[in-house]
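Undergrad: Predicted model, plus sequence, below.
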Amino acid sequence: MSTHKLYSPLSDSAREIRLLKFLPSPDFSAPVHSTLHVSPLNDPLEPYKALSYAWGDPTITAPIFLNGKGCLVTTNLHSALRHLRSETETVFLWADAVCIDQSDNGEKSHRVAQMGRIYRGAEGVLVWLGDEGDDSSLAVDLILSACVGDGLTEFPPPGVAGERVVNAMRKFLFREWWSRLWVVQEVVLAREVSFFCGARRIEEVEMSVGMSAFLGLLSNSSGTGFAQEEIIMERFLMIVAMIDRGG
């Protein structure tokens, strides 16, 4: 795809960024349509959300339409856009892969330096953990159940089901997003955060309370499952500290 007509230069002095005007569709399988709009970062044209995600394999792509032109993005970003698209409302979104001219090294360097301001200025950060798979819905159910009173009193549960639960949580904790270099900056600076895994959504407070409940339960356990795996416990500690954001 040629980008010289798609991207006009941004003003560094005005701290301009591009926002993706994300068009709605009631049809999940419909092509993704959006338009790019230049906006001052200090006084955005519209309230916007910032997307936090792992790019995925750059050689595996899928098409979206940007300003009416076909544009290839990684399949992980493509899936994120489809899942986050509203059925009825236009949404303004910032996503680095399309809001930054990836063919312009100077622009890329300057926008990387602005990342903190971009995520801090968003009305919310949408964290895309990836498509549903590896029993991720089971892991999400466990996190949400841990937020409700005595919803989680034993982990893992006994029997064969317990092994499945442990594996589901392990794979959820080691999804690529949790290990990204910029993840702390993007979440710590956010006004509010929502996590998405496929069609499932977890709000920031639910993730924080659920993960903290798991950590407390495992810290007092000497049984099987995670309690004997130091790397798993470290991952829980990292996630809880990051989501709590020092507050």
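TA: Yes, it's here. All figures in this text were calculated on a predicted structure; none of them were measured in a lab.
Undergrad: Look up how far residue 196 lies from residue 115.
TA: Counting by C-beta to C-beta, to the nearest Å, the gap between residue 115 and residue 196 amounts to 20 Å. In this view, the C-beta of every residue, glycine as well, is placed from N, C-alpha and C.
Undergrad: More neighbours: which of those two?
TA: Under the criterion of other C-beta atoms under 10 Å, the comparison of residue 115 against residue 196 puts residue 196 first, with 19 against 15.
Undergrad: The more buried one looks like it's in a strand, true?
TA: Yes. Counting by DSSP: H, G, I helix; E, B strand; the rest coil, residue 196 is located in a strand.
Undergrad: Now do the same contact list for it.
TA: Shown here is residue 196, whose contacts under the criterion C-beta atoms under 8 Å, 6 or more residues apart in numbering are 80, 83, 84, 126, 127, 128, 129, 202.
Undergrad: try 10 Å this time
TA: 51, 53, 80, 83, 84, 126, 127, 128, 129, 130, 131, 202 (C-beta atoms under 10 Å, 6 or more residues apart in numbering).
Undergrad: which non-adjacent residue is nearest the second one?
TA: What it means is residue 53. Excluding the flanking residues, the one nearest residue 53 by C-beta to C-beta, 6 or more residues apart in numbering is residue 128, at 4.0 Å.
Undergrad: what stretches of the protein score poorly on pLDDT?
TA: In the prediction, the chain carries residues with pLDDT under 70 at positions 1-4, 149-162, 219-229, 245-247.
Undergrad: Please parse the chain into its domains.
TA: Under the assignment automatic domain parsing, the domains of the chain span 16-128, 136-180+205-244.
Undergrad: these two touch, right, residue 81 and residue 51?
TA: Yes. Look at residue 81 against residue 51 with C-beta atoms under 10 Å: they come within range, at 8.3 Å.
Undergrad: Need the overlap of contacts for those two.
TA: Taking C-beta under 10 Å, 6+ apart as the contact rule, the neighbours common to residue 81 and residue 51 are 20, 22, 93, 95, 98, 128.
Undergrad: Wait, residue 95 touches residue 76, no?
TA: No. The pair residue 95 and residue 76 does not pass the contact test of C-beta under 10 Å, sitting 11.2 Å apart.
Undergrad: so how far is the first residue of stretch 76-92 from its last?
TA: Criterion C-alpha to C-alpha, to the nearest Å; first-to-last residue distance in stretch 76-92 is 19 Å.
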